[in-house]
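Trainee: What would the 3D arrangement of this be:
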Amino acid sequence: MITLTVKQLPPGSMGIVSHIEGEPAVRRRLMEMGVVPGSELTLVKWAPLGDPAECLIRGYKLSLRKAEAALITVEIHDGK
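Mentor: Below you'll find the predicted structure:
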């Protein structure tokens, strides 16, 4: 199992949210948008200028800035 932040994920990859860092207000806002531990998150793509990222989580598309993406830790199963 590999642990990365969403900011480190290559486009098209999927991981399971394991942890959310940051100030309590930021964590709460992300959790209210559906970014909760145990959720499956797919990084669809980065915008042409590199910010924001388009993610698919809990059946809807969510845009995350790089700073927010760096706060979300996901686990990726490497298939070994």
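
Trainee: Pull out the buried positions in the longest helix anywhere in the chain.
Mentor: Across the chain, the longest stretch assigned as helix under DSSP state H is helix 24-32. The neighbour-count check on helix 24-32 (16 or more other C-beta atoms under 10 Å) flags 27, 30 as buried. C-beta coordinates here come from the backbone N, C-alpha and C atoms, glycine included.

Trainee: Please name every helix or strand in contact with it.
Mentor: With contacts defined as 3 or more C-beta pairs under 8 Å, 6 or more residues apart in numbering; DSSP states H and E, the secondary structure elements packing on helix 24-32 are strand 14-20.

Trainee: Can you list the buried residues in the strand it packs on?
Mentor: With burial defined by 16+ other C-beta under 10 Å, the residues of strand 14-20 counted as buried are 15, 17, 20.

Trainee: for the first one, what are its contacts?
Mentor: Looking back up the chat, that one is G15. For G15, the set of contacting residues under the criterion of C-beta atoms under 8 Å, 6 or more residues apart in numbering consists of 4, 6, 9, 40-41, 74-76.

Trainee: Make a ChimeraX selection of the buried ones in those.
Mentor: Filtering the contacts of G15 down to the buried ones (16+ other C-beta under 10 Å) takes a single ChimeraX command:
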select :4,6,9,41,74
